[in-house]
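# from the sequence below, what's the structure:
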Amino acid sequence: MRLLLATRSADKAREIAGILADAWPGAPRIVTLEERGVTWTEAEEGLEPFDTFEENAASKARYFADLTGMPTVADDSGLEVDALGGRPGVRTRRFAPPDMYPGLDQDEANNRHLLVRLDGVPPARRGARYVCVACLVVPPSGTSVHFRGEAPGRIRSRPRGSGGFGYDPIFEDHLTARSYAELNAEEKNERSHRGKAFRALARHLALTPPTLGGDGEA
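Numbering: from 1, shown residues only. Alright, predicted model coming up:
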């Protein structure tokens, strides 16, 4: 069984493959867009226009399932910060305005922008949560199902750790009081929003493996 993972992020693909393999020994082999030979087009820039994680994940999964004929899973993940009214939310990946932090890559710019926005906010009001919604679309029927995971924590005043990606250096796990960038891969997958969502997906796949028979051509 093969399952197309609709992401261009190598970090995310590696993390998700590890979560599924650990959750279920019979998990399907993850196939990335690059392995499937799906070249990037500008159309991908418009796949996440919605205001909910569920709608954005479904949009991406359905697009690539229709394109390839393969069972496809896509996720939309983000950070909700209490002091910012739940922002950046579905705009997490492009939170920092373009060109505001020259010399920084997107992850570093996002982290810097969030810390600037929270400057002066006390620790007790820096609560936050990571959210992940994974959507599985199975052709040719086009049936879909969603899986949601949340991980509570807070935003640190400065980054810690060298692991992970995205906001991990400034997102502090609420139980261990360590940033996600200080957790090893096993610890992070156990506690993270993405781990919870994709373990739920693995349980679903274990119960319904016949739905993964398709593997069309692009």
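# from the contact counts, what lies against the worst-scoring helix or strand of the chain on mean pLDDT?
Lowest on mean pLDDT, DSSP states H and E among the helices and strands of the chain sits helix 10-23, with a mean of 89. Judged by 3 or more C-beta pairs under 8 Å, 6 or more residues apart in numbering; DSSP states H and E, helix 10-23 is in contact with strand 2-5, strand 29-32, helix 185-191, helix 193-207. Backbone N, C-alpha and C define where each C-beta goes, glycine included.
# now do the first one: everything it contacts.
In this case it means strand 2-5. Strand 2-5 is contacted from outside by 13, 16-17, 28-33, 36, 64-65, 68, 70-74, 205, 212, 215, using C-beta atoms under 8 Å, 6 or more residues apart in numbering.
# coming back round to it: ranking the helices and strands packed on helix 10-23 by burial, who's on top?
strand 2-5 (a mean of 22; mean count of other C-beta atoms under 10 Å).
# partner strands of it, parallel or antiparallel?
Using DSSP bridges, the strands paired with strand 2-5 are strand 29-32 (parallel), strand 72-81 (parallel).
# and stretch 126-138, which residues are buried?
R126, A128, R129, Y130, V131, C132, V133, A134, C135, L136, V137, V138 (16 or more other C-beta atoms under 10 Å).
# tell me which stretches of this protein form strands.
2-5, 29-32, 72-81, 88-89, 127-138, 143-155, 171-173 (DSSP state E).
# centre of the chain to the last one, how far?
Once both centres are worked out by C-alpha atoms, centre = their mean, to the nearest Å, strand 171-173 turns out to sit 16 Å from its chain's centre.
# what do you get for the first one?
In terms of C-alpha atoms, centre = their mean, the centre of strand 2-5 is found 15 Å from the chain centre.
# let's have the strands of the chain in a markdown table, adding distance to E108.
Shown next, in a markdown table, are the strands of the chain (distance: least, C-beta to C-beta, whole Å):
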| stretch | distance to E108 |
| --- | --- |
| strand 2-5 | 25 |
| strand 29-32 | 25 |
| strand 72-81 | 15 |
| strand 88-89 | 15 |
| strand 127-138 | 18 |
| strand 143-155 | 15 |
| strand 171-173 | 14 |
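# residues in a beta bridge with the residue most central in space within the chain, which ones?
Nearest to the mean C-alpha position of the chain, counting by C-alpha atoms, centre = their mean, stands S77 at 3.9 Å. Beta-bridge pairing of S77 under DSSP bridges involves C132.
# isn't K196 right next to V131, touching?
No: K196 lies out of contact with V131 (C-beta atoms under 8 Å); the separation is 10.0 Å.
# which neighbours do these two have in common?
R148, G149, E150.
# filter these to the buried ones?
Using 16+ other C-beta under 10 Å, the buried ones in the shared contacts of K196 and V131 are R148, G149.
# and of the shared contacts of K196 and V131, the nearest to D22?
G149 (14.7 Å; C-beta to C-beta).
# what's the spacing between E186 and G163?
11 Å (C-beta to C-beta, to the nearest Å).
# tell me the contacts of S162?
P169, A181.
# one more time with 10 Å
For S162, the contacting residues are D168, P169, A181, E182, by C-beta atoms under 10 Å, 6 or more residues apart in numbering.
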